[in-house]
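**Q** please work out how this folds:
(2 chains)
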Amino acid sequence: MTGPEPNHTDHPPGFHEHPHEHEGRAAHRHPHHHPAQALPAHHHTHPTSFESLTCIVSPIHSLDPRAKIVASLVLVLGVVATDPLRPAEFVLFCALLAAAGAIAQLPLGRVLVRSLAVLPVAATIALLAPLQAAGGSWSATGVAPGDAAHAWLVAWSIASKAWLSACCMLLLAATTRSPDLLAALRRLGVPAVFVMLLSFIARYVSVLVEQLRSLRIALISRVPRARQRVLLRALGGMAGNLFVRSYERGERVYAAMLSRGYTGMVPVTSASRLGAADALLVLTSLLTAAALALY
Amino acid sequence: MHIPDGMLEARTWIPAWLASAGLIAWALRRVRQTLAEGGIVLMAVMAALVFTLQMLNFPVAGGTSGHFSGGAAAAIVLGLWPAMAVMAAVVVVQAVFFADGGITALGANMLTLAVVGPAIGAAIYRAAVRVRPTRRMKLAASFASAWAATMCAALAAGVLLWLSGRVPLGPALVAMGGWHTLIGVGEGAITAGLIGYLLAVRPDLLAANERDPAAARTVAAGFAVIALLGAVLSLFASAEPDGLEYVYQQLGSAFEPVSVIASPMPDYVLPGVSNTALAGVLAGIVGTIVAGALVSALLAALRGRATKDAE
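**A** Below you'll find the model as predicted:
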């Protein structure tokens, strides 16, 4: 543990939330539990998932989620609307995103690795552009020399735009907690039923993934080397099993919600207000996008 | 198959956004009308389930693997409109929380995965089961509908990429179709397994949703018309940028372009903006607003008439 020892006389033991630090990690803030004052501080568990990055305390994390959503969308639009990105534009935009990531104290390497997931799909389609420039033929004459430069420019354009847009969205996802993000979507005018679907996915997916994993382990331990046909049938049964369990879970969840006073609307707890910093973020993104698109 | 950002031109992704937003909004409306409160909570848990089941990987060929998509299965079990809403939510979560699939391409991805897949799946399954509602037929129909839904979604994605001028149509369809022929077999097998399990364990869940035949028929008919129009236009579009313009050229002087009103946005480009891509986007946005206003006015008029008839 680095930094000042958290002062445990400030708050009683039990479930609470305050910013704190651990060795090698950015300051973060999330609900946790202190067993008793006598024990060493902060022996609570820390999830290592990508989502745990949203608990970091930083100026960007504390911005209004609505402003962050609008800014990301504007940046993505700017990237998509521009003609093929010039090297200078690309470098400057990367620098901007990296600066935002640094202010947010994100582990840039981890975000970078995550963002590369977009490249397999993007690169496949990007490489079809040189093919089309060659007349769209599959024949092995290769890319016509006259068109090659333009075709590779198109390929670069597709891949770079896909990657930069993914980076924008990952910055949003890494700096905003999912309940806040969903509440912001609701306040931006997304229909309530749809936001409810999204929030249930965010909330229950980890439970269902664990159930799926245990079903998988059960399958592998009983049929370690299944042939493809057997495996596919087993996967179907697994899906059906999980379906019935989820259906019954849904019935229980609804009963639980009713017993806690559910009236058809999920209440919004955080009602943040837009401030000067949020306006600045949106303005910056608008100017950046406009500069990219018009330059 | 999630299309990332930057791959579709404004002339493709803006109409796709418009179309899918309209269709999903309609589906949500129908869901709110037909489902009780508890039904909506159940549907939300089902959305989490479909998201989870997409992690089911199966080997395809040559060491590669595909994953379950679930559009047809959702349509068979939940009904068409809830399935469309559920699949749309899954696609949105993937795009917003995981950067899997683009934001500008979100409309296109919703169109292929949340509209085409479930609609084709529901249409085929319902049609087959109406012929013979036996257990065997239901299993065969669920396999066939899931396979066809996967194929149609993939081909639709190929067509969208082609409309953006990214890929030549032939190779795109061959590549997407060829690959998803195999993926579709896995999808079909898992769907059939799922339906078989439900038939054995909770047949009541399946029976509950076999009473909405009109929806699937309407959507299937709509798709047939769109596909037919697309096929006819694409015959003309091979060399020309716009099939309609080509038709006009062929018809020649008989249809000398009579401009009733001077178009405010010639060639879908706003005048006075030099960057063509940006101008295309702006024109698309303006067009979207105008079209949205027209459609909502039309709907309001129709609704007014319907209520008057009812009185």
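
**Q** tell me the domain ranges of chain B?
**A** Per automatic domain parsing, the domain ranges recorded for chain B read B:10-257, B:259-311.

**Q** ok, of those, where does mean pLDDT dip lowest?
**A** Mean pLDDT values for the domains of chain B show the minimum at domain B:259-311, a mean of 48.

**Q** contacts only, for the residue nearest to residue B:139 when sequence neighbours are not counted.
**A** Excluding its sequence neighbours, the residue lying closest to residue B:139 (CB to CB, 6 or more residues apart in numbering or on different chains) is residue B:192, at 5.0 Å. To be clear about C-beta, it is placed using only N, CA and C from the backbone, and glycine gets the same treatment. By CB atoms under 8 Å, 6 or more residues apart in numbering or on different chains, residue B:192 lies in contact with A:236, B:139-140, B:142-143, B:146.

**Q** most neighbours, which of those?
**A** Of all those, the highest neighbour tally under other CB atoms under 10 Å in any protein chain shown goes to residue B:146, namely 34 neighbours.

**Q** now name the helix or strand holding that residue.
**A** Following DSSP states H and E, one finds residue B:146 within helix B:135-163.

**Q** what's that helix packed up against?
**A** When contacts are defined as 3 or more CB pairs under 8 Å, 6 or more residues apart in numbering or on different chains; DSSP states H and E, helix B:135-163 packs onto helix B:10-34, helix B:71-78, helix B:117-131, helix B:169-201.

**Q** which of these is buried the deepest?
**A** helix B:71-78 (a mean of 31; mean count of other CB atoms under 10 Å in any protein chain shown).

**Q** which residues does that helix contact?
**A** With CB under 8 Å, 6+ apart as the test, helix B:71-78 has contacts from A:239, A:243, B:43, B:46, B:50, B:53, B:82-84, B:86-87, B:113-114, B:117-122, B:125, B:142, B:145-146, B:148-150, B:153, B:187, B:190-191, B:194-195, B:198, B:205-206, B:209, B:216.

**Q** who's in contact with the residue in the stretch 151-300 of chain B that chain A sits nearest to?
**A** Distances between the stretch 151-300 of chain B and chain A by CB to the nearest CB are smallest at residue B:193, namely 1.2 Å. Shown in contact with residue B:193 (CB under 8 Å, 6+ apart): A:232-240.

**Q** try it again at 6 Å.
**A** For residue B:193, the contact set (CB atoms under 6 Å, 6 or more residues apart in numbering or on different chains) comprises A:233, A:236-237.

**Q** now the residue in chain A positioned nearest to chain B. Nearest residue, chain neighbours left out?
**A** Nearest residue of chain A to chain B (CB to the nearest CB) works out as residue A:236 at 1.2 Å. Sequence neighbours aside, residue B:193 is the residue nearest to residue A:236 in space, at 1.2 Å (criterion: CB to CB, 6+ apart).

**Q** ok, that neighbour to residue B:53 distance?
**A** Counting by CB to CB, to the nearest Å, the gap from residue B:193 to residue B:53 is 12 Å.

**Q** equivalent analysis for residue B:70, please.
**A** Counting by CB to CB - residue B:70 and residue B:53 are separated by 5 Å.

**Q** the two - which one has more neighbours?
**A** Shown here are residue B:70 and residue B:53; by other CB under 10 Å, residue B:70 has more neighbours (32 against 25).

**Q** grab the nearest non-local neighbour of that one.
**A** Of all residues not flanking residue B:70 in the chain, residue B:50 sits nearest, at 4.5 Å (CB to CB, 6+ apart).

**Q** ok, that neighbour touching residue B:68?
**A** No: taking contacts as CB atoms under 6 Å, residue B:50 lies outside contact range of residue B:68: 9.0 Å.

**Q** how about the residues of the stretch 101-250 of chain B that lie near chain A?
**A** B:102-104, B:167-168, B:189-190, B:193-194, B:197-198, B:201-202 (CB under 6 Å from any CB of the partner chain).

**Q** so where's the stretch 101-250 of chain A uncertain?
**A** Filtered on pLDDT under 70, the stretch 101-250 of chain A yields the residue ranges A:129, A:131-148.

**Q** which residues of it fall in helices?
**A** With helices called from DSSP state H, counting those that start in this stretch, the stretch 101-250 of chain A shows them at A:108-115, A:119-126, A:128-133, A:145-175, A:178-187, A:192-222, A:228-259.

**Q** for residue A:68, see how far away residue A:87 is.
**A** Per CB to CB, residue A:87 is found 28 Å from residue A:68.

**Q** looking at those two, which is more packed in?
**A** Set side by side, residue A:87 and residue A:68 show more neighbours around residue A:68, with 24 against 9, by other CB under 10 Å.

**Q** now the angle between helix B:10-34 and the strand or helix carrying the more buried one, please.
**A** Using DSSP H and E, residue A:68 maps to helix A:65-81. Helix A:65-81 runs at 140 degrees relative to helix B:10-34, counting by axes from the mean of the first three to the mean of the last three CA atoms, to 10 degrees.

**Q** domain assignment for chain A?
**A** According to automatic domain parsing, the ranges for chain A are A:1-46, A:65-176+A:276-294, A:192-259.

**Q** for residue B:91, which three-state class applies?
**A** Secondary structure for residue B:91, judged by DSSP: H, G, I helix; E, B strand; the rest coil, is helix.

**Q** just checking, it touches residue B:111?
**A** No: counting by CB under 6 Å, residue B:91 does not reach residue B:111; the two are 9.7 Å apart.

**Q** how about the residues of the stretch 51-200 of chain A by chain B?
**A** Checking the stretch 51-200 of chain A against chain B by CB under 6 Å from any CB, the hits are A:76, A:80-81, A:83, A:118, A:121-122, A:125, A:128, A:132, A:136, A:158, A:161-162, A:165-166, A:169-170, A:173, A:191, A:193-194, A:196-198, A:200.

**Q** among the residues you listed, the buried ones, what's the PyMOL command?
**A** PyMOL command restricting these to the buried ones, with burial defined by 16 or more other CB atoms under 10 Å in any protein chain shown:
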select buried, chain A and resi 76+80+81+118+121+122+125+128+132+158+161+162+165+166+169+170+173+191+193+194+196+197+198+200
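
**Q** residue A:98 and residue B:193, how far apart?
**A** Distance from residue A:98 to residue B:193, counting by CB to CB: 47 Å.

**Q** let me fix that, I meant to ask about residue B:15.
**A** On the measure of CB to CB, residue B:15 and residue B:193 end up 37 Å apart.

**Q** one more: residue A:21?
**A** Taken as CB to CB, the span from residue A:21 to residue B:193 is 49 Å.

**Q** which residue sits closest to residue B:100, ignoring its sequence neighbours?
**A** Nearest residue to residue B:100 in three dimensions, chain neighbours excluded: residue B:94, at 4.2 Å (CB to CB, 6+ apart).

**Q** doesn't that neighbour belong to a helix?
**A** Yes: counting by three-state DSSP, residue B:94 falls inside a helix.

**Q** how many neighbours does it have?
**A** Count around residue B:94 with other CB under 10 Å applied: 19.

**Q** verify the contact between it and residue B:102 for me.
**A** No: assessed by CB under 6 Å, residue B:94 is found out of contact with residue B:102, at 10.6 Å.

**Q** list the contacts of the nearest residue to residue B:27 once chain neighbours are set aside.
**A** In space, and not counting its chain neighbours, residue B:27 is closest to residue B:84: 4.0 Å by CB to CB, 6+ apart. Contact analysis of residue B:84 by CB under 6 Å, 6+ apart lists B:27, B:114, B:118.
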